[in-house]
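[1] what's the 3D shape of this:
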Amino acid sequence: MPSLLLGAAVLGLVSGLCAGYQIQAGREPTRLPPLSQPRLEQAAGEASAPLPVARDRKVKTDGDLRRLLLKKPAGARAAGSLAEGGWMSLDELAETYDNPAGGYGWLIEEEFRRAAAVTWTEGGTRLVEVRLLQFRQEEVLGAQDEAKDGYYWAGRDSDAESWAIPGTGDGKAFTYRKPRTSDGVNEYQARAHAWRGDVSVQVWMTDTKPIPKKAIVDLAKRQMERL
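    Now for the predicted structure:
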């Protein structure tokens with residue numbers, strides 16, 4: 001008896017499904033509502049003209065990076081530099097770090113692309129070097145990271161004084177009240193770090209007498225203006 005009841009229930013369910021399908025199949029298909037979207041108004045006037053090369057930062061920095069370096073001042077003399085023809089290789093740049101192996105690895109991680117540099121002497125005793133470091137910036141903001149790393153290390157000494165570089169956002173210049181001994185010679189130092197887009201800027205000065213704030217800040221400001 002239970003088997004007969006179960007069979008009857010299943011048969012009734014199947015019959016009901018078949019009947020519902022036949023009724024639905026015989027009906028006219030229900031029309032879907034029309035697709036709609038808000039009307040997009042076209043802006044009036046002509047399209048903006050592309051930026052001229054002089055204002056397109058990407059075009060400028062993708063060209064010959066050496067052309068963006070400051071020119072040697074009148075009366076200054078060219079000085080020996082690690083840069084060959086104005087370029088610095090990754091190896092040469094890494095050698096300027098206190099830990100060259102660590103600097104090499106860090107520059108690779110920061111997607112280093114290339115570097116250019118210019119060096120001169122002025123006033124008989126002052127040595128100046130300006131470097132532009134360019135990064136690919138596909139995964140990390142290498143130029144910004146490099147500048148911030150420079151801020152950190154430049155400001156660690158207790159006799160360091162820091163100064164803002166006008167027009168750079170967070171660019172900083174540093175002077176030092178005490179001389180450092182290099183190859184038996186006492187030298188005063190000053191340095192500056194800043195960045196713009198995919199390029200970071202380093203400015204280095206050494207002299208046998210203290211370097212005034214104006215000298216390092218003005219030089220860094222003029223280099224940034226070229227970017």
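
[2] please report how far residue 133 lies from residue 116.
    Plainly put, residue 133 is 9 Å away from residue 116 if you go by CB to CB, to the nearest Å. (C-beta placed from N, C-alpha, C; glycine too.)

[3] which stretches of the chain have low pLDDT?
    Residue ranges of the chain with pLDDT under 70: 1-29, 32, 34-60, 81-84.

[4] and the helices in it?
    Using DSSP state H, the helices of the chain run over 2-25, 57-62, 90-94, 100-109, 142-154, 213-225.

[5] in the shortest one, which residues are buried?
    In terms of neighbour count (16 or more other CB atoms under 10 Å), helix 90-94 has its buried residues at 92, 93, 94.

[6] show me the beta-bridge partners of residue 190.
    Per DSSP bridges, the residues bridged to residue 190 are residue 175, residue 205.

[7] got a list of what it touches?
    By CB atoms under 8 Å, 6 or more residues apart in numbering, the residues touching residue 190 are 173, 174, 175, 176, 204, 205, 211, 215, 216.

[8] neighbours around residue 183, how many?
    Using other CB atoms under 10 Å, residue 183 has 5 other residues around it.

[9] from residue 153, how far off is it?
    21 Å.

[10] same deal with residue 194?
    From residue 194 across to residue 153, the span is 15 Å (CB to CB).

[11] neighbour-wise, which of these two wins?
    Legend: neighbour count by other CB under 10 Å for residue 194 and residue 153, higher for residue 194 (27 against 14).

[12] contact partners for the more buried one?
    Residue 194 sits next to 147, 165, 168, 170, 171, 172, 200, 201, 220, 224 when contact means CB under 8 Å, 6+ apart.

[13] residue 215 now?
    Counting by CB under 8 Å, 6+ apart, residue 215 touches 190, 205.

[14] same deal with the one 5 residues further on?
    Shown here is residue 220, whose contacts under the criterion CB under 8 Å, 6+ apart are 165, 168, 171, 173, 192, 194, 201, 203.

[15] and the residues you listed, which is closest to residue 126?
    Distance to residue 126 across the contacts of residue 220 (CB to CB) is lowest for residue 203, with 12.3 Å.

[16] report the spatially nearest residue to the closest one, omitting neighbours in sequence.
    Among residues not flanking residue 203 along the chain, residue 192 sits closest, at 4.1 Å (CB to CB, 6 or more residues apart in numbering).

[17] surely the one you found and residue 202 touch.
    Yes. Under the criterion of CB atoms under 8 Å, residue 192 makes contact with residue 202 at 7.3 Å.

[18] give me the more crowded residue out of the two.
    More neighbours surround residue 192 than the other of residue 192 and residue 202, with 29 against 24 (other CB under 10 Å).

[19] and the contacts of residue 190, which two are furthest apart?
    Farthest-apart pair in the contacts of residue 190 is 176 and 215; separation 13.0 Å (CB to CB).
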